[in-house]
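Okay, predicted coordinates and the sequence, questions at the end:
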Amino acid sequence: MAAAAPEAKILLTGSTGQVGGELLPRLSKFGEVVAPGRDAMDLANVASVREVIRAVRPRWIVNPAAYTAVDKAESEPELAYAINRDAVRVMGEEARAIGAGVIHFSTDYVFDGAGDRPYVETDATNPVSVYGASKLAGERALAESGAGHLIFRTSWVYGARGKNFLLTILRLAREREVVRVVADQHGAPTWSRDLAVMTAHAMSQCEAIGDVADVLVQLGGVYHTTSSGETTWHGFATEAVRLVREREPEVKLADLEAITTAEYPTPARRPANSRMNTSKLASCFGWRMADWRESLRKVVAEL
């Protein structure tokens, strides 16, 4: 990797979140990491976003932060769009002005989940929720800004920190006798650390080639970045509980009951098919995401 210039700065959003927290220690090799909190950089306020970027003048803007309250977004779409679209548009505009690269994280929810095969990057999008629509709008705003960018679409993100499905299931499994889990939505649970390591690898590849803005003209665009393999939410929960039982045989954990999406109604619709093909990531960056079971074992051991 080409040595980072002494004045190089990386602006990281959401550094206390699942992905941002894993990125924080992995980005310092590229330069000084500036990770403002919400009080310093309010993503719901485009003036705040613009002001921080102009003050920092980063070479990379890495944006894992997002409005992620999928059900709540149905009742507060303005806030979801402000954070997931408008802030991203400003990041793109400011990055283009200074020749910076943008790395932005998106979601499987840009698809309607109607297909029966893993989605590729060129498949038609058709979000079925406000959250998904706002994330797709953010993708488009970044692309239209003219900034060099990488958009990493991922799914079912979890880790040892923050609020996520894994931690919720393991807590409920200790508290209840039976936990009901949806078994007809298919996808790949993706460890936040795997995403962070992959991101650092992609940045290293870009840095090694040359000027970030120029490199992203060739390599930029949308990439699917989910774990290898596939399962359902019920399958994910079952494997997690099995791994905990393996490590703590004396602990009594709940039985897991498989249910349908229809039996667990939510304000926002979820895609039934969240599987994504990651061949483009492998061919362009030489990176293959780990199998979800392998990563889950590591996280449970860490917990």
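Everything's here; your move. Bear in mind that the values here come from a model prediction, so they are computed numbers and not experimental data.

what are the ranges of the helices in the stretch 101-250 of the chain?
According to DSSP state H, counting those that start in this stretch, the stretch 101-250 of the chain carries its helices in the segments 130-145, 165-175, 192-209, 212-219, 233-247.

Who are the packing partners of the first one?
Spelled out, it's helix 130-145. Using 3 or more CB pairs under 8 Å, 6 or more residues apart in numbering; DSSP states H and E as the contact criterion, the neighbours of helix 130-145 among helices and strands are helix 77-81, helix 87-98, strand 101-107, strand 148-154. (Glycine included, C-beta is placed from N, CA and C.)

Mind putting the ones you listed into TSV with mean pLDDT, mean neighbour count and distance to K29?
As requested, those are exported to TSV (pLDDT from 0 to 100; neighbours: other CB atoms under 10 Å; distance: least, CB to CB, whole Å):
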stretch	mean pLDDT	mean neighbour count	distance to K29
helix 77-81	98	18	34
helix 87-98	98	22	20
strand 101-107	98	26	15
strand 148-154	98	25	18
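
Please render those as JSON lines that adds distance to A183 to the earlier fields.
As requested, the helices and strands packed on helix 130-145 are arranged in JSON lines below (distance: least, CB to CB, whole Å):
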{"stretch": "helix 77-81", "distance to A183": "28"}
{"stretch": "helix 87-98", "distance to A183": "34"}
{"stretch": "strand 101-107", "distance to A183": "21"}
{"stretch": "strand 148-154", "distance to A183": "22"}
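
so which of the ones you listed comes closest to A200?
Comparison of those against A200 by CB to CB identifies strand 101-107 as nearest, at 10.2 Å.

Return the list of helices and strands in contact with the closest one.
Using 3+ CB pairs under 8 Å, 6+ apart, strand 101-107 is in contact with strand 60-63, helix 87-98, helix 130-145, strand 148-154, helix 192-209, helix 212-219.

Tell me which of those sits most buried.
With neighbours taken as mean count of other CB atoms under 10 Å, these reach their highest mean count in strand 60-63, at a mean of 28.

between the lowest-mean-pLDDT helix or strand in the chain and strand 101-107, how many degrees?
The helix or strand of the chain with the lowest confidence, counting by mean pLDDT, DSSP states H and E, is helix 212-219 at a mean of 91. In this structure, helix 212-219 runs at an angle of 50 degrees to strand 101-107, with axes from the mean of the first three to the mean of the last three CA atoms, to 10 degrees as the basis.

what's helix 212-219 in contact with?
59-60, 99-101, 147-150, 205-206, 209, 284-285 (CB atoms under 8 Å, 6 or more residues apart in numbering).

hmm, back to that, to V52, which of the helices and strands packed on helix 130-145 lies closest?
In this view, the helices and strands packed on helix 130-145 are compared for proximity to V52 by CB to CB, and helix 87-98 is the closest at 9.2 Å.

Kindly state the pLDDT recorded for A3?
If you check A3, the pLDDT there is 44.

Take the helices of the stretch 101-250 of the chain and write them to TSV, including distance to E263.
Output for the helices of the stretch 101-250 of the chain, formatted as TSV (distance: least, CB to CB, whole Å):
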stretch	distance to E263
helix 130-145	22
helix 165-175	16
helix 192-209	29
helix 212-219	44
helix 233-247	12
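
If I average pLDDT within each of those, which one is lowest?
Among these, helix 212-219 has the lowest mean pLDDT, at a mean of 91.

quick one: that helix to chain centroid distance?
Taking CA atoms, centre = their mean, to the nearest Å, one finds helix 212-219 lying 22 Å from the centre of the chain it belongs to.

tilt between that helix and helix 192-209?
Per the same axes, to 10 degrees, the angle that helix 212-219 makes with helix 192-209 is 110 degrees.

if we can go back for a sec, the helices and strands packed on strand 101-107: which one's closest to M289?
With CB to CB, the closest approach to M289 among these belongs to helix 192-209: 6.1 Å.

so that closest one versus strand 148-154, what angle?
Taking the same axes, to 10 degrees, one finds that helix 192-209 is oriented at 160 degrees with respect to strand 148-154.

gap between helix 192-209 and the chain center?
In terms of CA atoms, centre = their mean, the gap separating the centre of helix 192-209 from the centre of its chain is 14 Å.

gap between R193 and F30?
Distance, R193 to F30, by CB to CB, to the nearest Å: 18 Å.

ugh, typo on my part, it should be M91
Distance, M91 to F30, by CB to CB: 17 Å.

do T190 as well
Distance check for T190 against F30: by CB to CB, it reads 23 Å.

swap in A272?
When distance is defined by CB to CB, A272 is 39 Å away from F30.

Since that was my last question, I'll sign off now.
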